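> sequence first, predicted model second:
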Amino acid sequence: MVGEALFRRFLLPHLRSLADLGHSYGLKVMLHCCGGFAPLIPAMIEAGIDGLHAIQPNCKGMDLRRLKEEFGRRILFNGAVDSQAVLIEGTPDSVRRETKKVLEFMMPAGGYVAGASHDAILEETPLENVLAMFDTIMEEGRYR
């Protein structure tokens, strides 16, 4: 909805102020942002944002491997297990497979909090799939 030039002009100064405020209290600052916002990540880092929630891998430009390689040492990513197609439409086995794939390239070197790709797990999501995701995160992510 907003390109990088407009983001930098109108939003970055305000985000920087909020990030500075949080940091002045010794806190980390995480921003919730939906969609394909990869082109804005450098400006978000510049603003002092410490983490981004919720990474949606099915959106344009949100290739998880590329995001991790390009920005993974400078900002924390939160989410990335597709809460639409995978969690809603999948089976517990397919959710486990996809969650393992996400963990495989998002966890190395830290900077990742595993979870669904949106702030809410929608009510039509089968409980078995939610449990499969969290069980896999606990089993696979604990000691990497």
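Yep, it's here. Numbers count the residues shown, from 1 in each chain.

> for residue 141, see how far away residue 40 is.
27 Å (Cβ to Cβ, to the nearest Å). C-betas here are computed from N, CA, C, even on glycine.

> again with residue 60
Distance, residue 60 to residue 141, by Cβ to Cβ: 27 Å.

> the more surrounded of these two?
residue 141 (17 against 11; other Cβ atoms under 10 Å).

> OK, contacts around that one?
Taking Cβ atoms under 8 Å, 6 or more residues apart in numbering, we find residue 141 in contact with 103, 107, 114.

> helix or strand right after the helix or strand harbouring the first one?
Residue 103 is located in helix 92-106, with elements delineated by DSSP states H and E. Proceeding C-terminally, helix 92-106 gives way to strand 112-116 as the next helix or strand, assigned by DSSP H and E.

> quick one: average confidence on that following strand?
Taken as a whole, strand 112-116 has a mean pLDDT of 95.

> in its sheet, what does it sit against?
Take DSSP bridges as the rule and strand 112-116 pairs in its sheet with strand 76-81 (parallel).

> let's see the strand it pairs with as PDB, backbone CA atoms only.
Coordinates of each C-alpha in strand 76-81 appear next as PDB, following Å, rounded to 0.1, in the frame of the first residue of the first chain:
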ATOM      1  CA  LEU A  76      14.100 -10.900  14.600                       C
ATOM      2  CA  PHE A  77      11.400 -12.600  12.600                       C
ATOM      3  CA  ASN A  78       8.200 -13.900  14.200                       C
ATOM      4  CA  GLY A  79       5.700 -16.200  12.500                       C
ATOM      5  CA  ALA A  80       6.200 -17.800   9.000                       C
ATOM      6  CA  VAL A  81       4.100 -21.000   9.400                       C
END
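
> circling back to that earlier point, for the contacts of residue 141, give me TSV that also has neighbour count and distance to residue 1.
Formatted as TSV, these follow (neighbours: other Cβ atoms under 10 Å; distance: Cβ to Cβ, whole Å):
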residue	neighbour count	distance to residue 1
103	20	30
107	17	31
114	21	27
